[in-house]
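S.K.: missing the sequence, but the structure's below:
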Ligand code: B16
Ligand code: MG
């Protein structure tokens, strides 16, 4: 067991629930294209990049499109999504997240973001979370999607810390896999069925303390 100097957080599903906004924007696009898109379908898009999400959506609708049209549709969905998240505020921070981040900072542990979202800066700003982050790695900086470890290794590199001193907090199976490939420990937020490979699984950040973290 080595000590923990840095915690890297996924955004959607760990710090905030933006999945509901992604869902209504993708659903709106699907309906415009003439097919329905359910909340269960939306589960397949969690933690997946924007263009890969569109591919899954089109597969559900049985539609094949050229790259140019796909880029146009992804832009359209993103414009709706940005409109929805523009009214987010601190009340949308998930239970326990702010308190845990504050406790980490008080204990001298660095905090970083490791998210696939290209809208992460706007979300952190609207929820008032930006000042807590020592490094922000998001979809505008990475070229490889989770389960590739890039987003987390970049965070560790930016802060000058070894992967073995890092703990990742993730709600997606691909995110836990990315942490393992990065050589980091991980805490899964959600169900043991999908996050079984994490070092610890909790149902929300309300259920973890700095003391518990240090025993991982
Ligand atoms: P954007 P995370 C991910 O965020 C979401 O879970 C996923 O549903 C979304 O498609 C992806 O960000 C890209 O988001 O369209 O805003 O660039 O879980 O990695 O924080
Ligand atoms: Mg997530």
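M.R.: All right, it came through fine. Just so we're clear, the structure is a prediction, and the values are computed from it rather than from any experiment. Ligands and ions are numbered 1, 2, ... in the order given.
S.K.: Would you map the strands across this structure?
M.R.: Per DSSP state E, the chain carries strands over the ranges 6-9, 110-114, 135-137, 166-170, 185-189, 200-202.
S.K.: and ligand 2, which of these is closest to it?
M.R.: strand 166-170 (6.5 Å; Cβ to the ion). Where C-beta positions appear, they are placed from N, C-alpha and C, glycine not excepted.
S.K.: For residue 46, report the pLDDT, please.
M.R.: Per-residue confidence (pLDDT) for residue 46: 86.
S.K.: Run through the residues that contact the residue nearest to it when sequence neighbours are not counted.
M.R.: Leaving aside its chain neighbours, residue 46 sits nearest to residue 172 (5.4 Å; criterion: Cβ to Cβ, 6 or more residues apart in numbering). With contact taken as Cβ atoms under 8 Å, 6 or more residues apart in numbering, residue 172 is in contact with 10, 13, 46-47, 146, 194.
S.K.: end to end, how far does stretch 181-190 reach?
M.R.: This stretch, stretch 181-190, spans 20 Å end to end (Cα to Cα, to the nearest Å).
S.K.: meant to ask about stretch 83-97
M.R.: Stretch 83-97: ends 24 Å apart by Cα to Cα.
S.K.: Counting neighbours, which bits of that stretch end up buried?
M.R.: Neighbour-count burial for stretch 83-97 flags 84-85, 88, 92-94, 96-97 (criterion: 16 or more other Cβ atoms under 10 Å).
S.K.: Ok, stretch 132-145 next?
M.R.: 132-139, 142, 145.
S.K.: ok, back up a step: mind checking how far the residue nearest to residue 46 is from residue 30?
M.R.: 21 Å (Cβ to Cβ, to the nearest Å).
S.K.: And for residue 173?
M.R.: Distance from residue 173 to residue 30, counting by Cβ to Cβ: 24 Å.
S.K.: Would you enumerate the residues in contact with the residue of the chain most remote from its centre?
M.R.: Centroid-distance maximum for the chain: residue 34 at 29.2 Å, with Cα atoms, centre = their mean. By Cβ under 8 Å, 6+ apart, the residues touching residue 34 are residue 61.
S.K.: what pLDDT does it get?
M.R.: Model confidence at residue 34, given as pLDDT, is 98.
S.K.: Mean confidence (pLDDT) on stretch 204-216, please.
M.R.: 97.
S.K.: ditto for stretch 8-15
M.R.: 97.
S.K.: Over to stretch 84-100?
M.R.: Mean predicted confidence for stretch 84-100 is 97.
S.K.: Near ligand 1, which residues of this protein are found?
M.R.: 10-13, 22, 45-50, 53, 78, 115-119, 139 (Cβ under 6 Å from any ligand atom).
S.K.: So what touches the longest helix along the chain?
M.R.: Counting by DSSP state H, the longest helix found in the chain is helix 67-85. By Cβ under 8 Å, 6+ apart, the surrounding residues in contact with helix 67-85 are 18, 21-22, 24-26, 28-29, 33, 50-51, 54-55, 58, 65, 118-119, 122-123, 126.
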